[in-house]
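[1] fold the following for me, if possible:
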Amino acid sequence: MRGDAQQSDGVMGSARISFALELGQQPQRARMCGFGDKDRRPITPPPCLRLLVTDRLTGQPVDVSEIDTSFFILSVDLWDEAAGTEVNLVMHHSAIPSGGASPESGGDPLEDAAPGSITRNLIGSLATSAYKLYDNQDRLGIWFVLQDLSVRTEGTFRLKFTFVDLAGPSHKLITSGSVPVLCSVFSDPFVVYSAKKFPGMIESTELSRKFAQQGIKIPIRRVA
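    Predicted structure coming up:
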């Protein structure tokens, strides 16, 4: 699955370059982690995205070995199944008494509960740097690996991935405090289950194993 490439002017020297994101590994399922962080289960398999870099004048791929990826950043957001609404935030109806009442003191925790608070629904490492890695066909590419993502609530969602280059154009970063989005892409829908309905984590894929062999910290499930 490839995202729409957007032309970038003034990045990587004087060349006019276009970027596109391709999902080499789609998220499939996860177990909801609720509003505590002690038993957080990551989305499996971990989303892995390849960045495609093309010289738009020649239409040819740019040699990966010639690309400085030091300032390449990919961020991720949570969207609904239809990819129409961002759902990064969720209301947490806290059961902590606001007036000092507690079950031990005889107070009603529902009547005395503090007003709901808003918290992030997607948690974990929400941005990552680029890595030059070899895939299953031993092709060198620019990859983003997001192995530390969890969702608090159950449902069907998509992830939206957004790529920026913090190295340029520098004048926009200085004057506006932001840099342009160079490309973005949505994942396929994936399901977040309650603990009772969760069918289990996806077995480690060949791509995950390949990246782990190259030093990426991906939890690998050993085959018995």
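
[2] where is the longest strand in the protein?
    Determined from DSSP state E, the single longest strand within the chain is strand 155-165.

[3] show me what counts as buried in that strand.
    When burial is assessed from 16 or more other CB atoms under 10 Å, strand 155-165 yields the following buried residues: 155, 157, 158, 159, 160, 161, 162, 163, 164, 165. To be clear about C-beta, it is placed using only N, CA and C from the backbone, and glycine gets the same treatment.

[4] and the residue nearest the centre of the chain, what does it touch?
    Averaging the C-alpha coordinates of the chain gives a centre point, and the residue nearest to it by CA atoms, centre = their mean is residue 76 (3.7 Å). For residue 76, the residues meeting the contact criterion (CB atoms under 8 Å, 6 or more residues apart in numbering) are 47, 122, 126, 127, 146, 149, 159, 160, 161, 162.

[5] widest-spaced pair of the residues you listed?
    149 and 162 (14.3 Å; CB to CB).

[6] how about the helices in the protein?
    Using DSSP state H, the helices of the chain run over residues 170-176, 206-213.

[7] rank the ones you listed by mean pLDDT and give me the bottom one.
    By mean pLDDT, the lowest-scoring of the helices of the chain turns out to be helix 170-176, with a mean of 55.

[8] how many neighbours does the closest residue to residue 135 other than its chain neighbours have?
    The spatial neighbour of residue 135 that comes closest, neighbours along the chain excluded (CB to CB, 6 or more residues apart in numbering), is residue 141 at 6.1 Å. When counting by other CB atoms under 10 Å, one arrives at 20 neighbours for residue 141.

[9] per-residue pLDDT of residue 141, please?
    In this prediction residue 141 is given a pLDDT of 98.

[10] what sits against it?
    Listed by CB under 8 Å, 6+ apart, the contact set of residue 141 reads 50, 51, 64, 132, 133, 134, 135.

[11] which stretches of the protein have low pLDDT?
    Low-confidence regions of the chain, defined here as pLDDT under 70, cover residues 1-15, 37, 94-115, 169-177, 222-224.

[12] pick the one among the buried residues of strand 155-165 closest to residue 87.
    Within the buried residues of strand 155-165, proximity to residue 87 (CB to CB) peaks at residue 157, which comes in at 6.9 Å.

[13] which non-adjacent residue is nearest that closest one?
    Nearest non-adjacent residue to residue 157, counting by CB to CB, 6+ apart: residue 78, 5.6 Å away.

[14] got it, and residue 206?
    With sequence-adjacent residues excluded and distances taken as CB to CB, 6+ apart, residue 206 is closest to residue 136, at 5.4 Å.

[15] do the same with residue 80
    With sequence-adjacent residues excluded and distances taken as CB to CB, 6+ apart, residue 80 is closest to residue 87, at 5.4 Å.

[16] output the contacting helices and strands for the longest strand of the chain.
    Packed against strand 155-165 by the contact rule (3 or more CB pairs under 8 Å, 6 or more residues apart in numbering; DSSP states H and E) you find strand 17-25, strand 72-80, strand 183-186, strand 190-193.

[17] any idea of the angle that strand forms with strand 17-25?
    Orientation of strand 155-165 against strand 17-25 (axes from the mean of the first three to the mean of the last three CA atoms, to 10 degrees) gives an angle of 150 degrees.

[18] okay, now the sheet partners of strand 155-165, with direction.
    Each strand pairing with strand 155-165, determined using DSSP bridges, is listed with its direction: strand 72-80 (antiparallel), strand 183-186 (antiparallel), strand 190-193 (antiparallel).

[19] let me know which of those strands is the nearest to residue 40.
    Nearest to residue 40 among the strands paired with strand 155-165 is strand 190-193; the distance by CB to CB comes to 12.3 Å.
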